[in-house]
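Asker: Okay, here's the prediction I keep looking at, along with the sequence it came from:
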Amino acid sequence: MLRAARSAEDIAIRTNTSILVSVDGKDVELTAADLVSRQKETSGSIEKRVRNVYADLEFPDADQMLRKAYLVSKISDLILSNGLDDAGTASLLGISKISLSKILKGQFRDVSEDVLSTYLMQVQKARAC
């Protein structure tokens, strides 16, 4: 379970989202920046993993979810590195700002890989312009 928790932290960092964790019996929301700081503090005790958190959590579609998380991570990276705003990006993709926000926060189960791939290509093209 520890490995799954660490993988969830890694995905939260890559997708610039937050996760809810229990600290001393209290639920605390940690942002990606908090997680990075926490990992730096404990870098000697964290092992490098290449496992699939969705498989660790026994999701039936674990491989697909990991691929989708990777696509969302790349989309998020491009949005951040190019200084794109949510409204402009949502308009470019033809979706609402709320839908974009949900996708970037990891709520992409109902969005197909093909759609996410198309979104990635559209954001890449916008970067080139």
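Answerer: Yes, it's here.
Asker: Quick check, L66 in contact with L57.
Answerer: No. L66 is not in contact with L57 according to C-beta atoms under 8 Å; the separation is 11.2 Å. From N, CA and C alone the C-beta is placed, and that goes for glycine too.
Asker: quick check: domain ranges of this structure?
Answerer: Domain segmentation of the chain under automatic domain parsing yields 2-56, 62-128.
Asker: Which of these comes out lowest on mean pLDDT?
Answerer: The stretch with the lowest mean pLDDT among the domains of the chain is domain 2-56, at a mean of 66.
Asker: more crowded one of L66 and L57?
Answerer: L66 (18 against 14; other C-beta atoms under 10 Å).
Asker: and that one, what element?
Answerer: helix 62-81 (DSSP states H and E).
Asker: which helices and strands does that helix pack with?
Answerer: For helix 62-81, the helices and strands in contact under the criterion 3 or more C-beta pairs under 8 Å, 6 or more residues apart in numbering; DSSP states H and E are helix 2-14, helix 53-56, helix 97-104, helix 113-128.
Asker: Check the ones you listed for me and report the most buried one.
Answerer: Each of the helices and strands packed on helix 62-81 was scored by mean neighbour count; the highest is helix 53-56, a mean of 19, by mean count of other C-beta atoms under 10 Å.
Asker: Just the CA atoms of it, as PDB, please.
Answerer: Only the C-alpha atoms of helix 53-56 are listed here, as PDB (Å, rounded to 0.1, in the frame of the first residue of the first chain):
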ATOM      1  CA  VAL A  53      -0.500   2.900  -9.200                       C
ATOM      2  CA  TYR A  54      -3.700   1.900 -10.900                       C
ATOM      3  CA  ALA A  55      -2.500  -1.800 -11.000                       C
ATOM      4  CA  ASP A  56      -1.400  -1.500  -7.300                       C
END
